[in-house]
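In: My questions are about this predicted structure, shown below with the sequence.
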Amino acid sequence: MEKFLAGLQLMVFGMGMVYVFLIIMILCMKLMSKIVAPIAARQLAAEKAKAQPAAASRDDLALAAAAVAAVAAKRG
C-alpha cells in the first residue's frame with residue numbers, strides 16, 4: 001500500500017509540474033506576442049509599401065489577351 005501511495009504522490013507531483021510549466025509557457029507566449037506585434041506590424045507595412053504592383057506593360061496585356069483567347073477557343 002505504501003508503494004501505491006508513493007506512486008500516486010509522484011504522479012500528482014509530476015502532473016502538477018507539467019501544469020505549472022504549461023501556465024508559464026502560455027504567459028511567456030502572450031508576453032512575447034505583445035512585444036513582437038509592433039515590430040511585425042512595422043515590417044509588414046514596409047513590405048506592403050515595397051511590393052506595390054507596377055503598371056502592366058504591353059507585353060503583359062498581350063499575354064493575358066492571348067490566354068483569354070486560347071481559353072475561349074478551347075471552350076468552343
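Out: Looks like it arrived, so ask away. Numbering: from 1, shown residues only.

In: Which positions within the helix or strand hosting residue 69 qualify as buried?
Out: Secondary structure assignment for residue 69, by DSSP states H and E: helix 58-75. For helix 58-75, burial by neighbour count (16 or more other CB atoms under 10 Å) applies to no residue. (Glycine included, C-beta is placed from N, CA and C.)

In: where's that helix relative to the chain centroid, distance-wise?
Out: 36 Å (CA atoms, centre = their mean, to the nearest Å).

In: quick check: mean pLDDT across that helix?
Out: Regarding helix 58-75, the rounded mean pLDDT is 89.

In: Could you export it as PDB, CA atoms only?
Out: Output of helix 58-75 as PDB, limited to C-alpha atoms (Å, rounded to 0.1, in the frame of the first residue of the first chain):
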ATOM      1  CA  ARG A  58       2.100  46.000 -73.100                       C
ATOM      2  CA  ASP A  59       3.700  42.500 -73.100                       C
ATOM      3  CA  ASP A  60       1.700  41.500 -70.000                       C
ATOM      4  CA  LEU A  61      -1.500  42.700 -71.500                       C
ATOM      5  CA  ALA A  62      -0.800  40.900 -74.800                       C
ATOM      6  CA  LEU A  63       0.000  37.700 -72.900                       C
ATOM      7  CA  ALA A  64      -3.200  38.000 -70.900                       C
ATOM      8  CA  ALA A  65      -5.300  38.600 -74.000                       C
ATOM      9  CA  ALA A  66      -3.700  35.600 -75.700                       C
ATOM     10  CA  ALA A  67      -4.500  33.400 -72.700                       C
ATOM     11  CA  VAL A  68      -8.100  34.600 -72.600                       C
ATOM     12  CA  ALA A  69      -8.400  33.900 -76.400                       C
ATOM     13  CA  ALA A  70      -7.000  30.400 -76.000                       C
ATOM     14  CA  VAL A  71      -9.400  29.500 -73.200                       C
ATOM     15  CA  ALA A  72     -12.400  30.900 -75.200                       C
ATOM     16  CA  ALA A  73     -11.300  29.000 -78.300                       C
ATOM     17  CA  LYS A  74     -10.900  25.800 -76.300                       C
ATOM     18  CA  ARG A  75     -14.400  26.100 -74.800                       C
END
